[in-house]
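Trainee: Give me the fold of what follows.
(chains A and B)
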Amino acid sequence: MPGRAHADRNEKLCDLLLEKGGFDDWVVTAAFYAAIHLVDHQIFPLTVGVEPIFANFNQYCNRKITGMAPHKVRRHLVTVHLSACADAFDWLYDACQNSRYNNYQVPTGFAAQAKKKLTEIKKVCTKA
Amino acid sequence: MHSEVVSWNLPHDNEAHTYSVNHVIHAYTKGINDGMEKNEKLFLKQLDDNKKTAGNDTTKVIEYLKSRGINPISAHLRIESVYALDVLITVSDEDFLKDSFSENYTFVNHLQQIGKTDFYSITFNFINQSKEFNKELLSSDGYFLSFSPLEKSK
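Mentor: Sure, this is the predicted structure:
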């Protein structure tokens, strides 16, 4: 599935769960995974300085061999290439990845905030 | 013109300067052990230095959060490698939910970038600390060191 279509699909799931209620942790997760596909689609293909074009995120990780976990690599790429939505992306990352430390108990307002951050990211990632 | 061949001679009492196989093995083993000990000391010193730097950077983040009206509850350090450290800072549900909270990432991203060297890198993460907060899980994920200034202030 192409990146943008995958992002749209995950966003639809996010909206459905938000409307349905009772699955706030999954709303946050769906929002984050929609955001991942949005930023990947926006950033790639990528040319870094004189380095050749990286067709997609996986190719970037394979060729660059940063030694960092893929999520860290992506956060770095978003900070450098999509700084306008980096804060929203980082928030979503933390909300999604670290909710396990609260036993996936998501306080009221988190799901709506996650959707809000996704909307912020979407505004920056305008590539069709 | 005749020139004399220059060479290096062993001393006349060369027996005293001849080494047996045992001497060579002993010297080799000692060399390895000395080298390992030195490497281990360098490794521990680097780790110690990086922990201190991470402490200073964490203090900067905490002061910054406080200046913006956010009260950090705790901070936890995970040593991913000698050169890469992660810090997870916990705040209240209310603070994490504030619209303006995400602006803190601009500050920490800058701090991460300017502090990065070949021997040190740090990543800051944030999360709300709710009633369900599971410290055991946090510890099992590697965040077993907690930031003492925040522990004392409790």
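Trainee: CA atoms for contacts and neighbours, from now on please.
Mentor: Will do.
Trainee: ok, the nearest residue to B:V82 once chain neighbours are set aside - how many residues close by?
Mentor: In this structure, B:V82 finds its nearest non-sequential neighbour in B:L47, 5.3 Å apart by Cα to Cα, 6 or more residues apart in numbering or on different chains. Neighbour count of B:L47, defined by other Cα atoms under 10 Å in any protein chain shown: 20.
Trainee: likewise B:Y28?
Mentor: 12.
Trainee: Show the pLDDT at it.
Mentor: We have a pLDDT of 90 for B:Y28.
Trainee: Helix or strand: which one has it?
Mentor: For B:Y28, the host element (DSSP states H and E) is helix B:21-67.
Trainee: Phi first, then psi, for B:H110.
Mentor: phi -70, psi -50 (degrees, to the nearest 10).
Trainee: Quick check: residues of chain A near chain B?
Mentor: For chain A, the residues in contact with chain B (Cα under 8 Å from any Cα of the partner chain) are A:79, A:86-88, A:90-91, A:94-95, A:98-99, A:101-103, A:105, A:107, A:109-110, A:113.
Trainee: Now list the buried members of these.
Mentor: The neighbour-count test (16 or more other Cα atoms under 10 Å in any protein chain shown) marks A:79, A:86-88, A:90-91, A:94-95, A:98-99, A:101-102, A:105, A:110, A:113 as buried among those.
Trainee: tell me the two of those residues that are most distant?
Mentor: A:T79 and A:Q105 (28.6 Å; Cα to Cα).
Trainee: Give me the below-cutoff pLDDT ranges for the chain.
Mentor: This is for chain A. Residues of chain A that meet the criterion pLDDT under 70 lie in A:1.
Trainee: Can you look at chain B instead?
Mentor: The model of chain B has pLDDT under 70 over residues B:1-5, B:9-17, B:153-154.
Trainee: if we go to 80?
Mentor: For chain B, the stretches with pLDDT under 80 are B:1-19, B:151-154.
Trainee: what does it put close to chain A?
Mentor: Within chain B, the positions lying close to chain A (Cα under 8 Å from any Cα) are B:93, B:97, B:99, B:102-106, B:109, B:125-127, B:129-135, B:137-138.
Trainee: Which of these fall within strands?
Mentor: B:125-127 (DSSP state E).
Trainee: okay, which residue of chain A is out on the far edge from center?
Mentor: Ranked by distance from the centre of chain A (Cα atoms, centre = their mean), the top residue is A:V50, with 26.9 Å.
Trainee: Tell me which residues touch A:F110, please.
Mentor: A:24, A:28, B:97 (Cα atoms under 8 Å, 6 or more residues apart in numbering or on different chains).
Trainee: Roughly how far does it sit from B:K52?
Mentor: To B:K52, A:F110 is 34 Å away according to Cα to Cα, to the nearest Å.
Trainee: Over to B:D86?
Mentor: 13 Å.
Trainee: Then B:I62?
Mentor: From B:I62 to B:K52 the distance is 15 Å (Cα to Cα).
Trainee: Who has more neighbours out of the two?
Mentor: The neighbour comparison of B:I62 against B:K52 (other Cα under 10 Å) goes to B:I62, with 20 against 12.
Trainee: A:V73 versus that one, what's the distance?
Mentor: In terms of Cα to Cα, B:I62 sits 25 Å off from A:V73.
Trainee: again, but for A:A55
Mentor: 15 Å.
Trainee: more neighbours, these two?
Mentor: The residue with more neighbours, out of A:A55 and A:V73, is A:V73; 17 against 13, by other Cα under 10 Å.
Trainee: Any figure for the gap between that one and A:N62?
Mentor: Applying Cα to Cα, the value for A:V73 to A:N62 is 11 Å.
Trainee: contacting residues for the residue of chain B found nearest chain A?
Mentor: Going by Cα to the nearest Cα, chain A is nearest to B:F133 of chain B, at 4.3 Å. Taking Cα under 8 Å, 6+ apart as the criterion, B:F133 is in contact with A:101-103.
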